[in-house]
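Q: A predicted structure for the sequence below; I have some questions about it.
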Amino acid sequence: MKRFKEKTVIVTGAGSGIGRATAIRFAQEGASVVLVGRTADTLAETAKEFPQDRTWIHTDNYMTITCDISVQSQVQEMIKRAIDQFEKIDILVNNAGKATQGKITELTAEDWKSAIDVNLNGTFYVCQAAMPHLIATKGNIVNVSSLSGVGGDWNMAAYNAAKAGVSNLTRTLALDHGPDGVRVNAVNPSVTKTNMTSAIQNNDAKTDKFLDRCPLGRLATPEDIAAAITFLASDDASMITGVNLPVDGGVSASNGQPQF
């Protein structure tokens, strides 16, 4: 099914993990995709995984743009290049982010600033630059927040604060721009099999602790998150806006009390 035929989609952080899976899913469903990331080689690797059905995907159906989303001028140039190529933006997926660990007593000012710059400021810059184009197309935004933006984690002060900002920015943009015809939602993954969570995946004790809290009993895959993102971006979700959707295997259903 080609739900996104004739749609232009921007995916940030498209070089790996959730961003790569999301870009591939949109391409499979007929979209023209703008792959955004900091490293050209990883973006090219993502593009190699696009379907080879030339009816849908060919050299005019995607482009790669290297961009540090924490730098506003680079974001503005990225949006300009996307418009120059495709003339419109229908869907924006803000996926780029970074995990910063540490208690507040351990973090440096640079640690804090970097976490806020990439996770929150970068999301703001891209949303701000893209919004006039999304208003023109009655498009939508899907932000990749985190379950860490809904509740706290031990040893993740900067990341939790940044992702909480993304979650509430999502709600505010939905309120402000719903009258413009723009929907804004977020997905809130828990532990997902990406490079960002390798410290958990490579530690059986940590993985077991997580799985004890997860009713479905497994870690999410990037493809699980991509499926939720593409749903929220599709016309099937035309009456959904301002939502932070947990994609967590049921972790957030618990009040934290252990199973007796």
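A: Yep, that arrived.
Q: Check whether residue 91 really touches residue 12, as I assumed.
A: No. Between residue 91 and residue 12 there is no contact under Cβ atoms under 8 Å: 12.0 Å. To be clear about C-beta, it is placed using only N, CA and C from the backbone, and glycine gets the same treatment.
Q: In terms of packing, which of the two has more residues around it?
A: Neighbour count, other Cβ atoms under 10 Å: between residue 91 and residue 12, residue 12 has more, with 29 against 26.
Q: Tell me the secondary structure of residue 141, please.
A: With DSSP: H, G, I helix; E, B strand; the rest coil as the basis, residue 141 sits in strand.
Q: Low-confidence ranges, the chain, go.
A: Residue ranges of the chain with pLDDT under 70: 1, 53-60, 194-206, 260.
Q: buried ones in the longest helix seen in it?
A: In the chain, with assignment by DSSP state H, the single longest helix is helix 157-177. Of the residues in helix 157-177, 157-167, 169-171, 173-174, 177 count as buried by neighbour count, 16 or more other Cβ atoms under 10 Å.
Q: got a list of what residue 216 touches?
A: Contacts for residue 216 (Cβ atoms under 8 Å, 6 or more residues apart in numbering) come out as 249-250.
Q: now the strands for the chain?
A: 8-12, 32-37, 62-66, 91-94, 140-144, 183-189, 244-247 (DSSP state E).
Q: Reformat these as a markdown table; add distance to residue 259.
A: Output for those, formatted as a markdown table (distance: least, Cβ to Cβ, whole Å):
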| stretch | distance to residue 259 |
| --- | --- |
| strand 8-12 | 38 |
| strand 32-37 | 40 |
| strand 62-66 | 46 |
| strand 91-94 | 35 |
| strand 140-144 | 30 |
| strand 183-189 | 23 |
| strand 244-247 | 19 |
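Q: What's the local residue count around residue 225?
A: 26.
Q: who's in contact with it?
A: Residue 225 neighbours (Cβ under 8 Å, 6+ apart): 18, 21-22, 144, 187, 189, 192, 247.
Q: now these in JSON lines, with distance to residue 30 and neighbour count?
A: Formatted as JSON lines, those follow (distance: Cβ to Cβ, whole Å; neighbours: other Cβ atoms under 10 Å):
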{"residue": "18", "distance to residue 30": "20", "neighbour count": "30"}
{"residue": "21", "distance to residue 30": "17", "neighbour count": "26"}
{"residue": "22", "distance to residue 30": "14", "neighbour count": "31"}
{"residue": "144", "distance to residue 30": "22", "neighbour count": "30"}
{"residue": "187", "distance to residue 30": "21", "neighbour count": "29"}
{"residue": "189", "distance to residue 30": "25", "neighbour count": "25"}
{"residue": "192", "distance to residue 30": "25", "neighbour count": "23"}
{"residue": "247", "distance to residue 30": "23", "neighbour count": "21"}
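Q: now, among these, which is nearest to residue 45?
A: Comparing the contacts of residue 225 against residue 45 with Cβ to Cβ places residue 21 closest, at 12.7 Å.
Q: my read: residue 51 touches residue 25, true?
A: No. Residue 51 is beyond contact range of residue 25, at 10.5 Å (criterion: Cβ under 8 Å).
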